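> here is my input; please provide its structure:
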Amino acid sequence: MTSLGAVLTTVAPSVGLGVIFYFAMRWVLRADRNERRHLSELDRQLDAAQARHSSPPAEEIPAAPEVN
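Purely as a prediction, here's the structure:
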């Protein structure tokens, strides 16, 4: 039983670091995915706002007649 305890004692730090690394990378990738989603939504909103402001008016206002 002592050899099993020695093996577990030797492997435990590596497994622990592996688990910590897994959760850290998972957190980073989820944060990146969420940020990209929010940025694309912001880009869509800005494009829509820009399209609304740059569209020509529906009808032209006639120019005032010149007075001589």
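
> what are the ranges of the helices in this structure?
For the chain, the helices defined by DSSP state H occupy 2-54.

> what ranges in it fall below the confidence cut-off?
The model of the chain has pLDDT under 70 over residues 1, 55-62, 68.

> one more time with 90, if that's ok
For the chain, the stretches with pLDDT under 90 are 1-2, 49-68.

> what's the burial count for S14?
Look at S14: counted by other C-beta atoms under 10 Å, it has 9 neighbours. (C-beta placed from N, C-alpha, C; glycine too.)

> same check on the one 10 residues further on?
Close neighbours of A24, defined as other C-beta under 10 Å, add up to 10.

> spit out the contact partners of it.
By C-beta atoms under 8 Å, 6 or more residues apart in numbering, no residues touch A24.

> again, but for D43
Contacts for D43 were tallied using C-beta under 8 Å, 6+ apart; there are none.

> so how far is R37 from it?
11 Å (C-beta to C-beta, to the nearest Å).

> repeat that for G5.
Taking C-beta to C-beta as the criterion, G5 is separated from R37 by 47 Å.

> repeat for V7
44 Å.

> phi, psi of E66?
Backbone dihedrals for E66, given as degrees, to the nearest 10, come out at phi -80, psi 140.

> and it, how many neighbours?
Quick note: E66 (other C-beta under 10 Å) scores 5 neighbours.

> what residues are up against it?
Contacts of E66 (C-beta under 8 Å, 6+ apart): none.
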